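Asks: Sharing a model that was predicted from the sequence below.
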Amino acid sequence: MSSFLHWYIWIVAIGSIVALFWLIQATRNVESSGDEDATTGHNFDGIEEYNKPLPAWWLYLFWGTMVYGLGYYAYYGLGNWNGLADWSSVGQLADEQRAHDEEFGALFEKFATMPIETIATDAKALQLGRQIFENNCSLCHGVSAEGSNGFPNLTDSASLYGNTPDSIKTSIEMGRKGIMPAWQAILGDEKITQVTQYVLSISGQKHDAAAAALGQTVYAQSCVGCHGMDASGNSFVGAPNLTDDEWLYSRPQNALAVDIRNSIALGRAGVMPAWKDRLGDAKVQLLTGYVYSLSR
């Protein structure tokens, strides 16, 4: 945290409590007229506010809350200062991870060198792999691993980077960055419409035959480098197979032609983070085996 942000937090946090102390003290010292029916002069919709002090218990509750706040800051710290307890969220996380490794490390290490194909058939390994998946991967791929718009379905055989144990493990360990360039400025609206119809045709979808025939030429000139002459894709660069009915970027509320056109015109940039440093070798092995088992 920068020095400026450190002092900004201190000034706002401590200054707010000091200001509240002053405000309560200043307002409680306002002289009263002694008339129990006197009002403050505030009137809203015929409702007037009596000029009476807060109940003592309410006042003490305010003070107690602010004293507690100062004590909390003193114990847990503020800004770059870790307080009397020398506590930090990073330190607590490290302590909890260390305790977890001490308790379960031996269990996970048992599977670190187990072949992925064996893990995919081992009930205990799959149970652990599922827990790792749900804790780390379900946010994007879903608890059922069926994915969503922009996040691959891991339960089918379609895969951008291959569906072998090694390719799955590489995806988890190293992450992936898939780039589909935007073609709008290069091709223009007419050619994008044509190649969209061609992609629909080769995947067995309803299409405009005349536009698709023209789109085949556009495809041959601009798309074969990644997707191949037969449009079956290229797992080396993560180019999808365009001849099947698996669509990574497809929204139920859109016509398929709309989503295909958007992909061609605007491009796509999919990022899969690397998990090796966060999970470690044993958990990566278990997770790989679990994901491998989903499509088997």
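Replies: Done, it's in.
Asks: tell me what the one helix or strand in the chain whose mean pLDDT sits lowest is packed against?
Replies: Lowest by mean pLDDT, DSSP states H and E among the helices and strands of the chain is strand 39-44, with a mean of 80. Packing partners of strand 39-44 (3 or more C-beta pairs under 8 Å, 6 or more residues apart in numbering; DSSP states H and E): strand 47-50. For the C-beta atoms, the positions are set from N, CA and C on the backbone; glycine is no exception.
Asks: what does the strand it packs on contact?
Replies: Around strand 47-50, the neighbours that count as contacts under C-beta atoms under 8 Å, 6 or more residues apart in numbering are 37, 38, 39, 40, 42.
Asks: in stretch 142-162, what's buried?
Replies: Neighbour counts using 16 or more other C-beta atoms under 10 Å place 142, 145, 147, 151, 152, 153, 154, 155, 158, 159, 160, 161 of stretch 142-162 among the buried residues.
Asks: in the sheet, who's paired with the nearest residue to the first one once chain neighbours are set aside?
Replies: Taking C-beta to C-beta, 6 or more residues apart in numbering as the measure, residue 142 lies nearest to residue 148, with 6.3 Å between them; neighbours along the chain are not counted. According to DSSP bridges, residue 151 are recorded as the beta-bridge partners of residue 148.
Asks: name the element the nearest residue to residue 174 once chain neighbours are set aside belongs to?
Replies: Distances taken as C-beta to C-beta, 6+ apart place residue 274 nearest to residue 174, at 5.2 Å, with adjacent residues excluded. Applying DSSP states H and E as the criterion places residue 274 outside every helix and strand.
Asks: any idea how far residue 274 lies from residue 124?
Replies: 27 Å (C-beta to C-beta, to the nearest Å).
Asks: Also residue 5?
Replies: Per C-beta to C-beta, residue 5 is found 47 Å from residue 124.
Asks: can you check residue 182 too?
Replies: Counting by C-beta to C-beta, the gap from residue 182 to residue 124 is 47 Å.
Asks: Which of those two has more residues huddled nearby?
Replies: Neighbour count, other C-beta atoms under 10 Å: between residue 182 and residue 124, residue 182 has more, with 16 against 12.
Asks: contacting residues for that one?
Replies: Residue 182 makes contact with 265, 266, 267, according to C-beta under 8 Å, 6+ apart.
Asks: quick one, strands of this structure?
Replies: Along the chain, counting by DSSP state E, strands occupy 39-44, 47-50, 176-180, 268-272.
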